[in-house]
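Asks: need a structure here:
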Amino acid sequence: LIVLRFQQDLKDLYASMGTVASDSQIEAMIKEAPGPINFTVFLTLFGERLTGTDPEATIVGAFAMFDKKDCGKISENELIKILTNKRGEPLDDEEISAMRKGKPPIENGEVDYKAFAHLITTGAQEELASV
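Replies: Prediction:
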């Protein structure tokens, strides 16, 4: 049931990006996962398929799957749930604390995931540039 839901979520995400993905494409992509599919694996799998799409758009697209109201925001609790998912490589309490110190765009318990994706990608670029 989870795999079927994930397959539909992938199809919906492709559709939101203006692409129609066949069942065989989706199944092939899922088979390439190196382990259980979590948020990080999902981003990697989806991101590898989008030629000409920047990482920020990939992250926004992935977060959009959790935006049931299609309002550009998810709850802070949902963000923490995604980031601490026990399958894959969850963030620990120290990493969550470090994320909060980066002043993510969270207001009244809601995360503006487009601004958060921008912060993640520009912050990563700045970090790489300082190395």
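Asks: Which positions within stretch 100-120 qualify as buried?
Replies: Within stretch 100-120, the residues that qualify as buried are 104, 106, 110-114, 116-117, 119-120, counting by 16 or more other C-beta atoms under 10 Å. For glycine as for every other residue, the C-beta is placed from the backbone atoms N, C-alpha and C.
Asks: quick one: contacts of that stretch?
Replies: 56-57, 59-60, 63-64, 67, 72-79, 123 (C-beta atoms under 8 Å, 6 or more residues apart in numbering).
Asks: Go through these and say which is closest to residue 10.
Replies: When the contacts of stretch 100-120 are ranked by distance to residue 10 (C-beta to C-beta), residue 64 comes first, at 12.4 Å.
Asks: what's the pLDDT at that closest one?
Replies: For residue 64, the pLDDT comes out at 88.
Asks: and residue 12, what is it in contact with?
Replies: Applying C-beta under 8 Å, 6+ apart, we find residue 12 in contact with residue 65.
Asks: which secondary structure elements does the helix or strand containing residue 27 contact?
Replies: Here residue 27 is covered by helix 23-31, with elements defined by DSSP states H and E. Packing partners of helix 23-31 (3 or more C-beta pairs under 8 Å, 6 or more residues apart in numbering; DSSP states H and E): helix 2-16, helix 39-49.
Asks: In helices only, show me the contacts of stretch 100-120.
Replies: Judged by DSSP state H, the subset of the contacts of stretch 100-120 located in helices is 56-57, 59-60, 63-64, 76-79, 123.
Asks: Let's have the residues you listed in a markdown table, adding neighbour count.
Replies: Below are these laid out as a markdown table (neighbours: other C-beta atoms under 10 Å):
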| residue | neighbour count |
| --- | --- |
| 56 | 16 |
| 57 | 16 |
| 59 | 21 |
| 60 | 20 |
| 63 | 23 |
| 64 | 18 |
| 76 | 16 |
| 77 | 10 |
| 78 | 18 |
| 79 | 21 |
| 123 | 11 |
